[in-house]
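Enquirer: Model the following, please.
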Amino acid sequence: MVPAQTTEGQDQGGRQSRVFMNEFWLCFVPLFVAVDAIGVLPIFIALTDGIDPARVRRIVYQSVVTAAVVALAFLAVGTAILRLLGITIADFMIAGGLLLFAFSVRDLLTSEKNRRWIDPDSLGAVPLGVPLITGPAVLATSLLLLNEHGTALVAISIAVNVLIAGVVFLGARHLDRFMGKSGARAVSKVASLLLAAIAVMIVRRGIVLLVVSMSKPVAAGL
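Expert: I've put the predicted structure just below:
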């Protein structure tokens, strides 16, 4: 017969695991949408067209390292910068949500993401690592999630999403043949629509937080 204490410990461990996974998915999905690796895929293929496969792999590794370093560094110092500037979490949620909404609307209305001629030697760092993988949308989303889910969970979600982008780039030719340009464009548009919805939710939460913070001094003075 299993001791009651052991059963209670297993139940508690199971609940903690479920809570962790729920929190993880709440962090992972917005960042996955913000990275939009499938939407960036056609640009990656165009930029690496004609480059030796071994060199393409080095470019992918460089882009993954650059994107992860920039995103995690910004995650570490972003809150301190906001505090130094006197920007509250509510202010950043509203501004960041509006910015994400603008990004998503731009991607919904344009046929493809902006691109320009790039030096192959710096291709992995710029523009693939920054800003195509880790761009303003990812940086803003990470700071917005930081207040609700904590540094560790957001950092894990960033790392996983950057690795997924690297895997997508490594299999770019196969995915391109499987999905085609129309399929990749359709996935990108759906991701942009989801990002717009997430942006509206963030703005709504920011406004609620701002109203609550403004009402506290009034209530204290009564």
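Enquirer: what's next to stretch 123-132, contact-wise?
Expert: 40, 43-44, 47-48, 58-67, 70, 113, 115-116, 118, 169 (Cβ atoms under 8 Å, 6 or more residues apart in numbering). C-beta coordinates here come from the backbone N, C-alpha and C atoms, glycine included.
Enquirer: Please repeat the previous calculation with a cut-off of 6 Å.
Expert: V40, I59, Q62, S63, T66, A67, V70 (Cβ atoms under 6 Å, 6 or more residues apart in numbering).
Enquirer: Could you look up the SS state of the residue positioned nearest the centre of the chain?
Expert: Geometric centre of the chain, nearest residue: L31, 2.4 Å, by Cα atoms, centre = their mean. Put simply, L31 is helix when judged by DSSP: H, G, I helix; E, B strand; the rest coil.
Enquirer: wait, doesn't it sit right on A159?
Expert: No. Applying Cβ atoms under 6 Å, one finds L31 not in contact with A159, separated by 10.0 Å.
Enquirer: ok so, going back, quick one: the residue nearest to the centre of the chain from F103, how far?
Expert: According to Cβ to Cβ, to the nearest Å, L31 and F103 sit 14 Å apart.
Enquirer: Would you map the helices across this structure?
Expert: 4-35, 37-47, 53-85, 89-109, 136-149, 151-170, 172-221 (DSSP state H).
Enquirer: Mind listing residues that contact the second one?
Expert: Translated: helix 37-47. K113, R115, L132, A165, V168, F169, A172, D176, A184, V187, S188.
Enquirer: between the contacts of stretch 123-132, which is nearest M93?
Expert: Each of these was scored against M93 by Cβ to Cβ, and V70 proved nearest at 21.7 Å.
Enquirer: In contact with the closest one, which residues are there?
Expert: V130, T134.
Enquirer: Please determine how far it is located from V126.
Expert: For V70, the distance to V126 - Cβ to Cβ - is 10 Å.
Enquirer: Also G14?
Expert: 45 Å.
Enquirer: what does L82 give?
Expert: Taken as Cβ to Cβ, the span from L82 to V126 is 25 Å.
Enquirer: got it, and A184?
Expert: Counting by Cβ to Cβ, the gap from A184 to V126 is 22 Å.
Enquirer: ok, those two, which is more surrounded?
Expert: A184 (20 against 14; other Cβ atoms under 10 Å).
Enquirer: Okay, now the unreliable bits of this protein?
Expert: Counting by pLDDT under 70, the chain contains low-confidence residues at 1-13, 111-120, 181, 216-222.
Enquirer: rewinding a little: looking at the helices of the chain, spot the one closest to S122.
Expert: helix 53-85 (8.9 Å).
Enquirer: Would you mark the buried spots in the closest one?
Expert: 56, 59-60, 62-64, 66-68, 70-72, 74-75, 78-79 (16 or more other Cβ atoms under 10 Å).
Enquirer: so what's V162 up against?
Expert: Residues near V162 by Cβ under 6 Å, 6+ apart: V64, A67, A68.
Enquirer: one more time with 10 Å
Expert: 31, 35, 37, 63-72, 129, 133-134, 138 (Cβ atoms under 10 Å, 6 or more residues apart in numbering).
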